[in-house]
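Trainee: no sequence on this one, just coordinates:
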């Protein structure tokens, strides 16, 4: 499972012109599910996302988590995180999970984040979404449950 996590001042997602999720200060998570992923991957990444110290403390050091800040999370499914563009000009998505598995593990990740105590908003699985946000910092972190990077 792969995640791009951004510290944001605000974020929102719309589908066909209607708002389906919005947060103020917190984290924006793009989540990709791989074909070999399991529920343990979702739990590990959710715990990591909720507790990653990427918010500044009183001394200006990144020592606080989104939980410490009382922030929220906006989670967007993103199968393209499994794009392999090493050959040719058209990316391959063969390592991405099939939709049924991806949706189940995406929903498990969201449940795990909520279990950590976060308010979580989401996009719509398999919909064409418009995501807008203000990256705070900017801070952008890449994580992979298989610890590939």
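Mentor: Thanks, I have it. Predicted model, so just to flag it, every value in this text is computed and none were measured. Residues are numbered from 1 along each chain as shown.

Trainee: for the rest of this, base every contact and every neighbour count on C-alpha atoms.
Mentor: OK.

Trainee: and for residue 88, the neighbour number?
Mentor: Counted with other C-alpha atoms under 10 Å, the neighbours of residue 88 add up to 8.

Trainee: make residue 1 into 816 and carry on from there
Mentor: Got it, the first residue is 816 from now on, which makes the last one we talked about residue 903.

Trainee: now do it, the pLDDT please.
Mentor: We have a pLDDT of 95 for residue 903.

Trainee: mind checking the SS state of the residue nearest the centre of the chain?
Mentor: Central residue check for the chain by C-alpha atoms, centre = their mean: the C-alpha nearest the mean position is that of residue 844, 2.1 Å away. Of the three states, residue 844 takes strand under DSSP: H, G, I helix; E, B strand; the rest coil.

Trainee: which strands and helices sit next to the longest helix seen in the chain?
Mentor: In the chain, with assignment by DSSP state H, the single longest helix is helix 914-930. Contacts defined by 3 or more C-alpha pairs under 8 Å, 6 or more residues apart in numbering; DSSP states H and E place helix 914-930 against helix 854-866, strand 934-937.

Trainee: low-scoring stretches of this structure, by residue?
Mentor: Under the criterion pLDDT under 70, no range of the chain is flagged.

Trainee: how about stretch 952-964: buried residues?
Mentor: Neighbour-count burial for stretch 952-964, counted by 16 or more other C-alpha atoms under 10 Å, picks out 955, 958-960.

Trainee: so who does residue 964 touch?
Mentor: Residues near residue 964 by C-alpha atoms under 8 Å, 6 or more residues apart in numbering: 957-958.

Trainee: gap between it and residue 819?
Mentor: Separation of residue 964 from residue 819 (C-alpha to C-alpha, to the nearest Å): 12 Å.
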